[in-house]
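J.: Fold the stuff below for me.
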Amino acid sequence: MSRPLPSASRDRKRLRAAALLAALLSLSACEGRETPPGPNEPCVGAACGPLQPPDTALEGSVRIATFNVQRLFDTVCDSDACGGSNYEALPTPSEFGLQADRLASAISRLNADVVLLAEVETQASLDALTSRLPRFGYSELGETGAAASVDVAVLSVHPITDVRGHRERTLWRPDGSATRFSRELLEVHLDVDGKKVIVFSAHFRSKSNDDAGRRFAEAVATRDIVAGAAQAAPDALVVLGGDLNDVPGSEPITALERDGALLRVSSDRPASETWTYTYHGDTQAIDHLYLARGGGTYVPGSFRAARDPRGGYGGSDHAAVFADFLPAP
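T.: Residues are numbered from 1 along each chain as shown. The predicted structure is shown next:
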């Protein structure tokens, strides 16, 4: 149980937070330099060498990450058509353990407080991660119930107070036809040291055998749901993240950002730093984090994409992305 801080301690924490925030805000001043800054001048960007994920976050902030772990199938065949060229992979126990080991190690290196996951098949798959990540004492799977489903999930170091799903909502494509979310749109409420945080874990329709109208419908509905949650809880930090399978400027991403209700936090970073997936040599930003306008703020400059040398992360073909947020005072 958290206890209220003495007044003097609260004042010191506010001063430290203000100083750190001012330092982060100053980072933008050196963008576009042709030469690196002086040794005591903070800077990020190409002129300052490669970006490194920050090890520490602004005091009082919450680090939220999203990561498509790429087909974390368990060792049970649910679809009766597994392995080989079939959709459902059937790893041996040793293969499954090695995949979970790699992913857990990668997730741990993000130093995140909350991680939004995509492509987790079952509770057994999620349990394989949580058993290797004891820091994350709370988790939730957005199971659709279909055989060989690749579902979304949430890992958290903070207590989960409520869970809601939205997959049964009727969505409308631009042509007027009805559809539903491809996977669960998982809404998880958290108690972060007495402050309310709401996260949404999403995974929109992929472009394999594309149904662009469905992805657009998912984006429109998600915007309304996330913005509605922020309006219903104006004191809450509300964040959406996931593999949205489209890039900035596309119709679905533009629909999410309509009217400025949701802020794509990577928008303060150059495109060369925000890509998360490579398709036929083309780097694309398809994994995103959004802040709903309301009770929380994004820490400027804190967005990062974590990648291995091949471009993915932890054995996945996707990079992970994360950013720091400040709940409402």
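J.: what's the closest non-adjacent residue to Arg223?
T.: In space, not counting the residues next to it along the chain, Arg223 is nearest to Leu256; the distance is 5.0 Å by Cβ to Cβ, 6 or more residues apart in numbering. (Each C-beta comes from the backbone N, C-alpha and C, glycine too.)
J.: The closest residue to Lys207 other than its chain neighbours - how many residues pack around it?
T.: For Lys207, the nearest residue in space outside its immediate sequence neighbours is Asn245; the separation is 6.1 Å by Cβ to Cβ, 6+ apart. Residues contacting Asn245 under the criterion other Cβ atoms under 10 Å number 27.
J.: hang on, the earlier thing: distance of the residue nearest to Arg223 from Gly97?
T.: Here the distance between Leu256 and Gly97 works out to 37 Å (Cβ to Cβ, to the nearest Å).
J.: out of the two, which sits in the busier spot?
T.: Regarding Leu256 and Gly97, a neighbour count based on other Cβ under 10 Å identifies Leu256 as having more, with 27 against 14.
J.: Next, work out how far apart that one and Phe204 are.
T.: In terms of Cβ to Cβ, Leu256 sits 10 Å off from Phe204.
J.: on that earlier part again, assess the claim that the residue nearest to Lys207 and Ser208 are in contact.
T.: No: between Asn245 and Ser208 no contact is recorded; they are 9.3 Å apart, counting by Cβ atoms under 8 Å.
J.: Do a quick rundown of the strands in the stretch 101-250 of the chain.
T.: Taking DSSP state E, counting those that start in this stretch as the criterion, the stretch 101-250 of the chain carries its strands at 114-120, 138-142, 151-156, 160-164, 171-172, 178-179, 186-192, 195-203, 237-243.
J.: For the fourth one, name the packing helices and strands.
T.: Contact here means 3 or more Cβ pairs under 8 Å, 6 or more residues apart in numbering; DSSP states H and E; on that basis strand 160-164 packs against strand 138-142, strand 186-192.
J.: Among the ones you listed, which comes closest to Ser125?
T.: Each of the helices and strands packed on strand 160-164 was checked against Ser125 via Cβ to Cβ, and the shortest separation belongs to strand 138-142, namely 8.4 Å.
J.: quick one: the closest one to chain centroid distance?
T.: For strand 138-142, the distance from its own C-alpha centre to the chain's C-alpha centre is 14 Å (Cα atoms, centre = their mean, to the nearest Å).
J.: show me what contacts the residue nearest in space to the middle of the chain?
T.: Within the chain, one residue has its C-alpha closest to the average C-alpha position: by Cα atoms, centre = their mean, that is Thr66, at 2.3 Å. Shown in contact with Thr66 (Cβ atoms under 8 Å, 6 or more residues apart in numbering): 115-118, 201, 241-243, 287-289, 320-322.
J.: any chance of the residues you listed in a markdown table, plus distance to Ala306?
T.: A markdown table is the format used below for the contacts of Thr66 (distance: Cβ to Cβ, whole Å):
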| residue | distance to Ala306 |
| --- | --- |
| Val115 | 11 |
| Leu116 | 14 |
| Leu117 | 14 |
| Ala118 | 15 |
| Ser201 | 18 |
| Gly241 | 14 |
| Gly242 | 16 |
| Asp243 | 15 |
| Asp287 | 11 |
| His288 | 15 |
| Leu289 | 13 |
| Ala320 | 5 |
| Val321 | 7 |
| Phe322 | 7 |
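J.: What's the PyMOL syntax to select whichever of those are buried?
T.: Selection of buried members from the contacts of Thr66 for PyMOL, criterion 16 or more other Cβ atoms under 10 Å:
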select buried, resi 115+116+117+118+201+241+242+243+287+288+289+320+321+322
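J.: follow-up on the earlier one: how about a markdown table for the helices and strands packed on strand 160-164, with mean neighbour count and distance to Thr92 added?
T.: What follows is the helices and strands packed on strand 160-164, written out as a markdown table (neighbours: other Cβ atoms under 10 Å; distance: least, Cβ to Cβ, whole Å):
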| stretch | mean neighbour count | distance to Thr92 |
| --- | --- | --- |
| strand 138-142 | 21 | 23 |
| strand 186-192 | 22 | 29 |
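J.: Including distance to Leu90 and mean pLDDT, could the ones you listed go into a markdown table?
T.: Written out in a markdown table, the entries for the helices and strands packed on strand 160-164 read as follows (distance: least, Cβ to Cβ, whole Å; pLDDT from 0 to 100):
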| stretch | distance to Leu90 | mean pLDDT |
| --- | --- | --- |
| strand 138-142 | 20 | 98 |
| strand 186-192 | 26 | 98 |
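J.: Save the ones you listed as a markdown table, and put in distance to Ala221 too.
T.: Shown next, in a markdown table, are the helices and strands packed on strand 160-164 (distance: least, Cβ to Cβ, whole Å):
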| stretch | distance to Ala221 |
| --- | --- |
| strand 138-142 | 15 |
| strand 186-192 | 13 |
